[in-house]
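Enquirer: have a look at this fold, sequence not included:
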């Protein structure tokens, strides 16, 4: 099952040099846990002591420290080289190939070349799937959807009608795209549902985490830009627009019609109100509550959000607030006493 | 694929009058984005300038402003009329009709007239499904469940045993009803599981968002009242009771045995402790932490919650707390100095 | 459908004595709601008045109060005895037995004795399932997975490749184990994906709630210890390690590489940063934000967390902070006036 490469093959793949014995490497691990047939790495010099005690068969290491190990790949960026090795050792998920006769594919759907479609996948009418896509079991793709090339939909993902994905998208299990946005309005004659007639549009190279939900738009589209990565259990409301290369960490919630720029980072459990704009390159802290527009390059945290340095000072002082109340009470008493003394002299 | 109506047909459907050319309308959009064959609307007079520049083929507009456009439907409530048009243009989700031979239906289950059951749906023993229901692929309905008429269970919804739904319920993908409540108790001899023998009961006209989970009761039932709407990724614990026409926004969590009244609104990511009562017509802010009963008509926010006006003042002052500490320190110094001066005069 | 036992049979099962008529008991309920064929319990003496008015056919009661009811099971711990009865009355979930010919099982998978595998379940290559397991519909188990004995995977659970479960694990619907960890790094040449080549390892007797997600490790494993119970919609990041007998309540998020000890309790919606250590027997409050290591036996709350008593005082004072600002302003004015008076006397 597991892949194997010699140290020379790995160095060759990385375009780097190597030294020592040309071991067969069977896996990757940390310095602490690696065994004699595993490759590890030293990125942060503060872990240099572990080099002496590690059982790793070989280490990816910078030229500065290459003298301290026998078997090594020499790299100016050991962490990045190691990450590339992880791609080398990664196994493609799945065990099935071809289009299963146990999948249910509407005759009007068009399936690209070289796709794998697992048993019990469903592909709806008038839907187009690009080339080299993998559709796992339990995936439901509704009607009039469009998938680019090289997409992977892992088990039990759901794409409701008219959802589109670009090329190279990867959906973790249980993702729901294109569910109806929350269009309910309280009126004098009860709650009225506003049917959501828009759709979801996902650009190229987007990754979406397990059980994340992205609602379709009321009108037009909810959109996610290229190379944006979304973690697990995230909620993205109707008509939200997210830019490119933005990272959205687990359990974030983004309310309807909010716009997020490019290269933003939204930390875990942050919540964003509807109808606001977060400009490019903004960083939002964990559990933050964003209620208004954020200018480019903002770094904010807290609920409601403050700029980061204020938040940090606030965080440190917060546990001292009970004491501050006491200090103010003491001041009030002292001052009253002083005033009294003053008055008595008049 | 898309529906088409003439302007006259739309006005007729709305029971309103129209003016201009009897265009064929192919869709709906905002004033900014509408094309020449689309219908838009003007609800808020502050957008009146867009009337001059819109490409919309026609506009739903109030009698006051009808003179400013050529092709129009005249309505005293343009927003509401537009929302009704969204219903007119909405496509029914799905592409399959009838009961698939690829569904697995226990022989003891009773399926009402005119139901659609997709391939790979599962319907358990002794379960009853009303008329005109649509059960998508990957749905699992356990034993002894009961669904009313006109229910829609979109892909991969799960109803564990003895769950009941009223009429006209709509479940977005991945909803889980009737999973076991979290009945674990730490004891001297380890964690004990308390089996959850109750069930989940959902009333008529309830909508539930994608990947939301509602646990079955320890005893008796967890219940949701009629016309209540629940958004995505919401957690509702065992024995919770939610009233009618309540809105529960995304990622809210409600702990066990808590009661929520009618016509409440729970904003996104709010959390409610167990065993509390939220009375009718209460509004709870986003990310709020509710730890005690809330009387009728309360409006609260914050964690733990405060009344809304206190919360707003607190929110504005919160970033100034670090400065407040400095002000108090300054006061302490000044006062000490003053006392010293005073003392020296004695 | 429902089970029935006589009062004598129930007393026998509990190893306790009984009194009164040997009724046939058809169910369990609270004192308030029980009917004449149902058994209830009195655990807390403050509810003793309900004994006079209850319609319950019989009551589990302590020896002290046994004189106040006719039909009773006498127990020194009525609550615990009642909880055991819930196990007695609980129905096993599901309606299918045996291995369905409509399941898709790779020929290389090994299925233990006496397993039930529902229609439309999928079991991947080289996977081993222990004895007496129940795999519901829509479950996907990838390649090289390993399940112990007596595991239950309810509908639509997903185990990606190389996930392992111990014995007696119970997964509520929609659980995702082994989805890829969020391994994305922002670099000068765009976002790079770090493939996640580790796996998820779950010990014996673990329960996992509906739609919860546990990511596989970057390297090595993400792990959950024996008898740990995890609620619905929880996110557990890559390389997290959770100890034994820990309770993780709904919507908690735990970021990557964080370690949680034994016998901890993490309340609902709490968030934990990555790369921190929470030692044994720690209690974390609802919506808490944990950003640093917590020593054994800590009780913390708030975001960021404070010790519990500070948090409670802070919570009470928080709504009074706007008033505190006014008090400080008043002090500043008073003091300025006093200083002026002082100066004028110099």
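Expert: Ah, there it is. Source: prediction; values computed, not measured.
Enquirer: wait, a helix at residue A:87?
Expert: Yes - counting by DSSP: H, G, I helix; E, B strand; the rest coil, residue A:87 falls inside a helix.
Enquirer: give me the phi and psi angles of the spatially closest residue to residue A:217 that is not a sequence neighbour.
Expert: Computed as Cβ to Cβ, 6 or more residues apart in numbering or on different chains, the closest residue to residue A:217 that is not its neighbour in sequence is residue A:198, at 2.7 Å. Glycine gets a C-beta too; all of them are placed from N, C-alpha and C. Phi and psi for residue A:198, reported as degrees, to the nearest 10, are phi -90, psi -160.
Enquirer: again with residue A:63
Expert: Main-chain torsions, residue A:63, degrees, to the nearest 10: phi -60, psi -30.
Enquirer: also residue A:103?
Expert: phi -80, psi 150.
Enquirer: would residue A:177 count as being in a strand?
Expert: Yes - judged by three-state DSSP, residue A:177 forms part of a strand.
Enquirer: residue A:141 - how many residues pack around it?
Expert: Neighbour count for residue A:141, taken as other Cβ atoms under 10 Å in any protein chain shown: 30.
Enquirer: ok, it touching residue A:124?
Expert: Yes - counting by Cβ atoms under 8 Å, residue A:141 does reach residue A:124; the two are 5.8 Å apart.
Enquirer: give me the phi and psi for residue A:78.
Expert: The phi and psi values for residue A:78, taken as degrees, to the nearest 10, are phi -60, psi -40.
Enquirer: these two touch, right, it and residue A:61?
Expert: Yes - using Cβ under 8 Å, residue A:78 is in contact with residue A:61, at 5.8 Å.
Enquirer: residues shared between the contacts of these two?
Expert: Listed as contacting both residue A:78 and residue A:61 by Cβ atoms under 8 Å, 6 or more residues apart in numbering or on different chains are A:41-42.
Enquirer: chain B contacts on the stretch 151-300 of chain A?
Expert: Within the stretch 151-300 of chain A, the positions adjacent to chain B are A:156, A:158, A:160-161, A:174, A:176, A:179-180, A:182, A:184-187, A:190-197, A:211, A:213, A:215, A:218-220, A:233, A:235, A:237, A:251, A:253, A:255, A:269, A:271, A:273, A:287, A:289 by Cβ under 8 Å from any Cβ of the partner chain.
Enquirer: for chain A, what spans make up the helices?
Expert: Along chain A, the segments classed as helices by DSSP state H run A:7-14, A:50-53, A:78-89, A:308-317, A:321-345.
Enquirer: any chance of these in TSV, plus distance to chain B, mean neighbour count and mean pLDDT?
Expert: Below are those laid out as TSV (distance: least, Cβ to the nearest Cβ, whole Å; neighbours: other Cβ atoms under 10 Å in any protein chain shown; pLDDT from 0 to 100):
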stretch	distance to chain B	mean neighbour count	mean pLDDT
helix A:7-14	39	18	97
helix A:50-53	37	12	93
helix A:78-89	29	19	93
helix A:308-317	4	17	97
helix A:321-345	6	15	91
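Enquirer: tally of neighbours for the spatially closest residue to residue A:87 that is not a sequence neighbour?
Expert: Spatial nearest neighbour of residue A:87, chain neighbours left out: residue C:195 (4.8 Å); criterion: Cβ to Cβ, 6+ apart. Residues within reach of residue C:195, counting by other Cβ under 10 Å, total 17.
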